[in-house]
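**Student:** next comes the sequence, and after it the predicted model I'd like to discuss.
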Amino acid sequence: MSILALAAMEKLIRKAGAKRVSESAKKALRDVLEKYGEKLSTKAVMLAKHGGRTTVKDEDIELALKT
């Protein structure tokens, strides 16, 4: 089951300049963003644990993005 809404994907694609967006494009973007988000979140959790914390902070997300 997907976490991100297709409507949000359409908004992102339209914000980038598209006039029309297919269902398959929305689904493809959702899949890519969810996979990327999961990988990034996993890194952020590892960084928080390394810091001796159970709470993931914005700094963990930002550092995970850089690594």
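**Tutor:** Perfect, thanks for sending it. Numbering: from 1, shown residues only.
**Student:** can you tell me how far Ala8 sits from Leu63?
**Tutor:** 25 Å (Cβ to Cβ, to the nearest Å). Glycine gets a C-beta too; all of them are placed from N, C-alpha and C.
**Student:** give the helix, strand or coil label for the residue of the chain most remote from its centre.
**Tutor:** What lies farthest from the middle of the chain is Gly52; by Cα atoms, centre = their mean that is 24.4 Å. Classification of Gly52 by DSSP: H, G, I helix; E, B strand; the rest coil places it in coil.
**Student:** give me phi/psi at it?
**Tutor:** phi 80, psi 20 (degrees, to the nearest 10).
**Student:** what of the one 4 residues further on?
**Tutor:** Torsion angles at Val56 (phi, psi; degrees, to the nearest 10) stand at phi -80, psi 130.
**Student:** Glu34 now?
**Tutor:** phi -70, psi -40.
**Student:** burial of it, as a residue count?
**Tutor:** Number of residues near Glu34 (other Cβ atoms under 10 Å) recorded here: 13.
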